[in-house]
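1. dropping a prediction and its sequence here:
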Amino acid sequence: MPLDKKTLLTAIKEVKSKSKERKFTQSVDLILDIKELDMKAPEGRIQQIVELPHVTGKPNKICVFATGELAFKAKASSADIVIEKADLESLLGKKKALRKLGNTYDVFISEAPLMALVGRTFGPVLGPRGKLPIPVPPNVNIKEEIEKHRKTVRIRMRNQPIIQVQIGTEDMKDEDLVDNILAVLRFLDGKLKRGLKNIKFLFIKTSMGTPVKIKP
């Protein structure tokens, strides 16, 4: 079965029809079972940020580490939180507060000159979560960066040949969910050694629903 738009649209409709109504809005996840892959090779340790064409129903919460003018612009650009140098220094070693921040925010953007301090402070917390900060120059257009990362996802594959990524929520349009899936597949087509031929099975499911399986 080809991984084309029509096939994916049919699968999304089936996923939604099989999903029972809940008291909350469920996420829609894409799960990929990868085959013929050397997990010890670099291609077996994928970790990449991919921008989706559509914001998911739950836009990413953005934390920005910045100083001076960039911190001011980040606040004016509606970053969810801006942590300046003095605040960073005061957080050093405060594991409970760091864990809370690591769990609350989805994307961390850091002014490049602060990266060493950010690494010392947040590295042990953000590293295992796959949320290492994205360095940007002090003169970056921070508004554009924040808007871009509202709709990014992290593609991760470690230890097992499985990739799971949230591509939206059940209240999104079917076509938008398909566009987001295709964006992930385009990335993997260029990243995996055999492209989409390395995908054994593809599953789409809501967070508490029954998976729909597609065999390419």
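-> That came in fine, so what should we check first? Numbers count the residues shown, from 1 in each chain.
2. next, the residue nearest the centre of the chain: secondary structure please.
-> What sits nearest the mean C-alpha location of the chain, by Cα atoms, centre = their mean, is residue 153, with 2.0 Å. The local conformation at residue 153, judged by DSSP: H, G, I helix; E, B strand; the rest coil, is strand.
3. next one: the closest residue to it other than its chain neighbours from residue 121, what distance?
-> Nearest residue to residue 153, sequence neighbours excluded (Cβ to Cβ, 6 or more residues apart in numbering): residue 165, at 5.0 Å. Using the backbone N, CA and C atoms, a C-beta is placed for each residue, glycine as well. The gap separating residue 165 from residue 121 is 27 Å, by Cβ to Cβ, to the nearest Å.
4. can you check residue 105 too?
-> 14 Å.
5. between those two, which one's more packed in?
-> The residue with more neighbours, out of residue 105 and residue 121, is residue 121; 23 against 20, by other Cβ atoms under 10 Å.
6. if you skip the residues just before and after it, what's nearest to the more buried one?
-> residue 92 (5.0 Å).
7. neighbours around that neighbour, how many?
-> Counted with other Cβ under 10 Å, residue 92 comes out at 11.
8. check residue 132 too.
-> Residue 132: 18 neighbours (other Cβ under 10 Å).
9. ok, residue 152 touching residue 59?
-> No: using Cβ atoms under 8 Å, residue 152 is not in contact with residue 59; the gap is 10.1 Å.
10. looking at the two, which one has more neighbours?
-> Neighbour count, other Cβ under 10 Å: between residue 152 and residue 59, residue 152 has more, with 19 against 13.
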